[in-house]
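**Q** this is a predicted model, with the sequence first.
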Amino acid sequence: MNLLIERSDDLDACLAIRFTVFVEEQSVPIEEERDHYDQNAIHILATQQGTPVGTARIVVADDIGKIGRVAVLASHRGTGLGAKLIHACLAELRAQSDVTKAKLGSQTHALGFYEKLGFVAQGPEFDDAGIPHRMMSLSL
């Protein structure tokens, strides 16, 4: 199992995974899934034997790194890949000396997953693309 998780400039591969997970599986409108942040974001791509299988995106603003668009193909769910993607994002943020906090908007069904990784839920539930979410944060 040759799994590689790294920063990537292959936006097409990241968008393809996101399309499969968010648009096809979760019925998120494509115009909400893609946005202007994609062009300047840090993209993390997981590949297995060269095939893209997971992705995440980081948008840095001031001292906060917002992790988002975390997506793992169905064939690789339940393998720990999601946690590995988050760890890669956190390592990327910790390498930037001016970033002190990681934030993300978690789908409510995934709150426990992120809590196990050290994130703390904050604020009320909100709707994002028809899916209930809560903001979460982690001090770096």
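**A** In hand now; what should we look at?
**Q** please make it C-alpha for all contacts and neighbour counts, starting now.
**A** OK.
**Q** is the most centrally placed residue in the chain in a helix, a strand, or coil?
**A** In the chain, the residue lying closest to the centroid (Cα atoms, centre = their mean) is residue 70, at 2.6 Å. Secondary structure, DSSP: H, G, I helix; E, B strand; the rest coil: residue 70 is strand.
**Q** next up, the contacts around the spatially closest residue to it that is not a sequence neighbour.
**A** Among residues not flanking residue 70 along the chain, residue 56 sits closest, at 4.2 Å (Cα to Cα, 6 or more residues apart in numbering). Shown in contact with residue 56 (Cα atoms under 8 Å, 6 or more residues apart in numbering): 14, 43, 44, 45, 67, 68, 69, 70, 71, 85, 86, 89.
**Q** tell me if residue 56 really is in a strand.
**A** Yes: under three-state DSSP, residue 56 sits within a strand.
**Q** residue 46 and residue 3: what is the separation?
**A** Residue 46 is 7 Å from residue 3, where distance means Cα to Cα, to the nearest Å.
**Q** what bits of this structure have low per-residue confidence?
**A** Residue ranges of the chain with pLDDT under 70: 1.
**Q** hang on, residue 23 is in a helix, isn't it?
**A** Yes: Residue 23 sits within a helix when classified using three-state DSSP.
**Q** burial count for it?
**A** By other Cα atoms under 10 Å, 17 other residues sit near residue 23.
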